[in-house]
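>>> Quick one, fold the following:
(one chain, ligands or ions: 1)
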Amino acid sequence: MPAAIETIDFHGQPALRLATASGAQAVVLLLGAQVVSWTPPGGPERLYLSERAAFDGSAAVRGGVPVCFPQFAARGPLPRHGFVRTMPWSVETQRTGTDFALATLRCTDTEATRALWPHRFALELTVAIEESRLDLELEVVNEDDAPFSFTAALHTYLKVREVEETRIEGLYGLDYEDSTDAGRLHHDSGDVLLIESETDRIYREVARPLLVREYDRSLGINQEGFHDVVVWNPWEERCAALADMPDRGFRHMLCVEAAAVHAPIELEAGLNWWGRQTLVAL
Ligand code: TA6
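Presented below is the predicted three-dimensional model:
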């Protein structure tokens with residue numbers, strides 16, 4: 001089968017399914033430009049999607065890769081993680097080649113967004129699959145006539161077999177803000193990060209690729225443009241408090257997010273910024 005892109009219905013929402021000749025697949029919702037599935041050739045699924053996720057647009061879909069913009073988390077006056085994850089995006093480009101499939105989705109400011117955040121902007125999310133790789137690129141264009149600043153993230157939910165048996169390598173020597181410790185700054189001095197309790201960290205100035213290792217497989221993660229990496233697992237209590245997560249869901253997910261948080265991006269009028277996260281199944 002050659003590479004192809006088709007429009008599908010995914011839990012009642014319009015979505016694109018990208019597929020390559022070698023058998024990779026990804027699904028991206030037009031709602032929030034949220035990638036909700038990525039399967040490298042031969043499988044299995046590598047993104048976590050909660051079986052209790054709401055797909056009616058009343059809340060962000062729990063899982064996949066939510067796009068957070070123009071505010072990360074509750075670090076400002078806007079709704080948590082901004083407002084574009086529950087907005088409808090449009091399909092701008094679809095392209096397939098010998099063994100890749102690529103789609104670009106776009107959203108722009110509306111009267112409702114300007115009431116919350118008085119700026120004109122255009123966002124494009126490009127999703128590309130090729131062999132065992134998923135590339136996500138977020139472009140922000142300042143269409144205003146004055147500068148604006150924003151924080152943003154690709155809030156990637158990885159699917160893991162068992163979170164306590166998962167190790168993250170590559171964070172050694174970095175400073176991180178610990179949201180479970182009132183945002184205090186800590187220094188990571190361990191070779192690997194093990195997730196054994198609630199974890200909510202914003203690692204700063206991450207310049208090296210990361211490796212997420214499980215006993216029988218790994219995932220390489222690289223980013224450009226984004227300076228921070230957020231690592232999040234709600235653990236038992238917080239997970240149980242999330243209406244759209246099953247109680248044991250935290251055992252099978254791990255968020256490793258490409259983010260621009262600790263130093264907001266300042267964007268001059270008419271200019272653009274982009275950030276990319278790449279996942280490679282190993
Ligand atoms: O990225 C980590 C985080 O900011 C956590 O603090 C956690 O609350 C999570 O995002 C999920 O946020 P949400 O608004 O999707 O429930």
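
>>> Next up, identify which helix or strand residue 211 is on.
If you go by DSSP states H and E, residue 211 is part of strand 210-214.

>>> Any buried residues in stretch 104-124, and which?
For stretch 104-124, a neighbour-count test (16 or more other CB atoms under 10 Å) marks 104-107, 109, 113, 116-117, 119-121, 123-124 as buried. Heads up, the C-betas are built off the backbone N, CA and C, glycines and all.

>>> Which positions in stretch 182-201 come out as buried?
So, applying 16+ other CB under 10 Å, buried residues of stretch 182-201: 193, 195, 198-201.

>>> again but with stretch 73-86, I slipped
Across stretch 73-86, burial judged by 16+ other CB under 10 Å covers 73, 78, 81-86.

>>> Could you do stretch 164-177 as well?
Neighbour-count burial for stretch 164-177 [16+ other CB under 10 Å]: 166-171, 174, 176-177.

>>> From the residues you listed, pick the one nearest the ligand.
residue 177 (11.0 Å; CB to the nearest ligand atom).

>>> which element is the closest one on?
According to DSSP H and E, residue 177 maps onto strand 175-178.

>>> Tell me the helices and strands packed up against whatever helix or strand comes next after that strand.
For strand 175-178, the following helix or strand on the C-terminal side (DSSP H and E) is strand 184-187. Contacts defined by 3 or more CB pairs under 8 Å, 6 or more residues apart in numbering; DSSP states H and E place strand 184-187 against strand 175-178.

>>> for the strand it packs on, what is the average pLDDT?
Strand 175-178 comes out with an average pLDDT of 97.

>>> Show residues contacting that strand.
Applying CB atoms under 8 Å, 6 or more residues apart in numbering, the external contacts of strand 175-178 come out as 183-188, 200-205, 262.

>>> chain center to the longest strand along the chain: distance?
The residue-count maximum for a strand in the chain (DSSP state E) belongs to strand 253-267. Its chain's C-alpha centre and that of strand 253-267 lie 9 Å apart, by CA atoms, centre = their mean, to the nearest Å.

>>> Brilliant, that's me finished.
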